[in-house]
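# Have a look at this fold, sequence not included:
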């Protein structure tokens, strides 16, 4: 009976995913593939944003943090919510107002010229591929552990399933399947918390408060102020306007939808973190204290939902990973086509659509190859965060608000941000490997952002005083 | 105080479920109407505050 129930759960998930993806329809024009004809309604943009940012770190990771550090990470996670709200209020509507923009690179191109757009495109594609490699690696590990298949088969399965619907349906398919995955996240994770509170957690409100207080105190005692600052900065800036989010801002139906979706996604982040942390707190008396953070949720579900624990976890985790991966693949393909290929060739709609489809497959293939070398999900994500914000954000945000943006400033800022962010991230990883610094201290984003801002200012003043072609 | 903490957690959980319901309704609407000319994923209403 349990086997039948598990099989029904997993098959039901896959069949529904295929049905939803098939109904999303094949994109027949490039505008459909890249920005879904700028027709996305609020609920779908909101669902897609939330499903994309709820990856392994914001689900399994936060349950583990809740178990060991209580509500400390709700305060840290608030920085992520604040980032979304600020983007919604200040940046997303401005992006949506720009005419003829398909990507963040188009925004850079309109403000600084073609050379800067191509550079922004190269950095964005690199980052989307790295993020995709981290997600494919995480999905591969889950399938490998649960099904017992070799790692390369697990990695290939994750990549092939996601690539198939993203290649044909483009952004529309990605957003619609994200909405399906978002609904699954909301019902399954919240449902499990309510189930645990009602059926397994003993002692009621007083016991919950006691466990939460003990965990939070332990969290403040074991986390240094430097680590807290590092996390807050990484949460505040690390994922700001990464290509999938920027594409959603551009694909929203109106400027108001663009603004409201980011603000609501920020508010939802606080609710989501509270639920994940509460799951970690509830797990404290139910599972052994020495359990590794990444296995708290798995052990909790296996211990309390014995008949379908594995199948339930498989569905939850695959849903978490596929919803992030499809958005990254689509964004990487659109950026490659729009910011790089279309600057030189593939200007016809049909050619751009084909290029977008082939790019999706190539990025997925490269990311699958890289996935085998990703050490851990968190380390991979921290390297990506350390590069993205310093490389792109100063140029985009200062460009949007500046009356006379200067190309040299953006060019220098992107180059310096990428080089310093990548170099510091890799050096810190090597030091961590040798045990010289804590596993949490990876503040690559801070020095890289400072260098990037300095490079922007220097470039701005050089071009201002020396003169020369503005764009 | 302890009752308040648990109430806030349960409230957050219910709001997460409610968000799931809202997105599910939008998803069903989008999937249901996808073949119709005036679908919910059709281009933006020109009267909306939008540049395109």
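Thanks, I have it. Computed from a predicted model, the values in this text were never measured in an experiment.

# burial of residue A:74, as a residue count?
Residue A:74: 21 surrounding residues under other CB atoms under 10 Å in any protein chain shown. Placement of C-beta: from N, CA and C, glycine included.

# State the mean pLDDT of the helix or strand encompassing it.
When secondary structure is defined using DSSP states H and E, the element that contains residue A:74 is helix A:72-86. Within the predicted structure, the mean pLDDT of helix A:72-86 is 93.

# For chain B, tell me whether it is touching it.
No - for helix A:72-86, no contact with chain B is found by CB under 8 Å from any CB of the partner chain; the gap never falls below 10.0 Å.

# Packing partners of that helix?
In terms of contacts (3 or more CB pairs under 8 Å, 6 or more residues apart in numbering or on different chains; DSSP states H and E), helix A:72-86 is packed against helix A:62-69, helix A:204-222, helix A:225-237, helix A:255-283.

# average pLDDT across the shortest one?
This points to helix A:62-69. Taken as a whole, helix A:62-69 carries a mean pLDDT of 90.

# Same question for the last one.
Helix A:255-283 carries an average pLDDT of 95.

# buried stuff in it?
Along helix A:255-283, the positions that meet the burial threshold by neighbour count (16 or more other CB atoms under 10 Å in any protein chain shown) are A:255, A:257-283.

# try stretch A:241-259
Residues of stretch A:241-259 classed as buried by neighbour count (16+ other CB under 10 Å): A:241-255, A:257-259.

# tell me the secondary structure for residue A:28?
Classification of residue A:28 into helix, strand or coil gives coil, according to DSSP: H, G, I helix; E, B strand; the rest coil.

# low pLDDT regions in chain B?
By pLDDT under 70, the weakly predicted segments of chain B are B:34-52.

# quick one: the helices in it?
Counting by DSSP state H, residue ranges of the helices within chain B are B:2-32.

# ok, now which ones touch the residue nearest to residue B:13 when sequence neighbours are not counted?
In space, residue B:13 comes closest to residue A:190 once its chain neighbours are excluded; the distance is 4.7 Å by CB to CB, 6 or more residues apart in numbering or on different chains. Applying CB atoms under 8 Å, 6 or more residues apart in numbering or on different chains, one finds that residue A:190 lies in contact with A:275, B:13-14, B:16-17, B:20.

# Repeat the analysis, applying 10 Å as the threshold.
A:271-272, A:275, A:278-279, B:10, B:12-20 (CB atoms under 10 Å, 6 or more residues apart in numbering or on different chains).

# can I assume it sits in a helix?
Yes - per three-state DSSP, residue A:190 lies within a helix segment.

# what's the pLDDT at it?
Among the per-residue scores, residue A:190 shows a pLDDT of 93.

# try residue A:181
The pLDDT attached to residue A:181 in the predicted structure is 90.

# I'd assumed it was in a helix, is it?
Yes - secondary structure assignment (three-state DSSP) places residue A:181 inside a helix.

# That one touches residue A:317, doesn't it?
No - between residue A:181 and residue A:317 there is no contact, the gap being 11.2 Å when judged by CB atoms under 10 Å.

# Neighbour count for the two, which is higher?
Summary of the neighbour comparison: residue A:181 and residue A:317, criterion other CB under 10 Å, with residue A:181 having more neighbours (28 against 22).

# so residue A:183 sits right up against residue B:31, yeah?
No - using CB under 10 Å, residue A:183 is not in contact with residue B:31; the gap is 11.9 Å.

# So between those two, which is more surrounded?
Counting neighbours by other CB under 10 Å for residue A:183 and for residue B:31 shows that residue A:183 has the greater number, 24 against 21.

# Now do that one against residue A:361, distance only.
The spacing between residue A:183 and residue A:361, counted by CB to CB, to the nearest Å, is 28 Å.

# same thing with residue A:191?
For residue A:191 relative to residue A:361 (CB to CB), the value is 36 Å.

# State the pLDDT value of the residue of chain A with the smallest separation from chain B.
Going by CB to the nearest CB, chain B is nearest to residue A:186 of chain A, at 2.7 Å. pLDDT, residue A:186: 92.

# In contact with it, which residues?
Residues touching residue A:186, when contacts are defined by CB under 10 Å, 6+ apart, comprise A:47, A:50-51, A:54, A:268, A:271-272, A:275, B:13, B:15-24.

# can you do 7 Å?
The neighbours of residue A:186, taking CB atoms under 7 Å, 6 or more residues apart in numbering or on different chains as the test, are B:16-17, B:19-20.

# Please name the nearest non-neighbouring residue to it.
Of all residues apart from its sequence neighbours, residue B:20 sits closest to residue A:186 (CB to CB, 6+ apart), at 2.7 Å.

# quick one: that neighbour from residue A:47, how far?
Relative to residue A:47, and taking CB to CB, residue B:20 is found at 9 Å.

# between these two, who's got more neighbours?
When residue B:20 and residue A:47 are compared on other CB under 10 Å, the one with more neighbours turns out to be residue A:47, at 33 against 23.

# Can you read off the backbone torsions of residue A:149?
Its backbone dihedrals place residue A:149 at phi -90, psi 160, with angles given as degrees, to the nearest 10.

# Give me the pLDDT for the residue nearest to it when sequence neighbours are not counted.
Nearest residue to residue A:149, sequence neighbours excluded (CB to CB, 6+ apart): residue A:143, at 6.5 Å. Residue-level confidence at residue A:143 comes out at 78, pLDDT.

# same question, the one 10 residues further on
You'll see residue A:153 listed with a pLDDT of 86.

# show me what contacts it?
Going by CB under 7 Å, 6+ apart, residue A:153 touches no other residue.

# Residue A:156 too?
By CB under 7 Å, 6+ apart, the residues touching residue A:156 are residue A:368.

# Tally up the residues packed near residue A:228, please.
17.

# ok, it - contacts?
Each residue near residue A:228 by CB under 7 Å, 6+ apart is listed here: residue A:76.

# Distance check, it against residue A:278.
Here residue A:228 is placed at a distance of 21 Å from residue A:278 (CB to CB).

# So residue A:404: helix, strand or coil?
Using three-state DSSP, the three-state assignment for residue A:404 comes out as coil.

# where does it land on pLDDT?
In the prediction, the pLDDT value recorded for residue A:404 is 83.

# The stretch 251-400 of chain A against chain B: which residues are in contact?
Counting by CB under 7 Å from any CB of the partner chain, the residues of the stretch 251-400 of chain A lying close to chain B are A:253-256, A:268, A:271-272, A:274-275, A:278.

# now those in TSV, with distance to residue A:341?
Compiled in TSV, these are given as follows (distance: CB to CB, whole Å):
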residue	distance to residue A:341
A:253	27
A:254	29
A:255	29
A:256	32
A:268	35
A:271	40
A:272	37
A:274	43
A:275	42
A:278	47
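
# Closest one of the residues you listed to residue A:373?
Taking CB to CB as the measure, residue A:373 sits nearest to residue A:272 out of these, at 30.3 Å.

# Enumerate every residue touching the closest one.
Contacts of residue A:272 by CB under 7 Å, 6+ apart are A:54, A:58, B:16.
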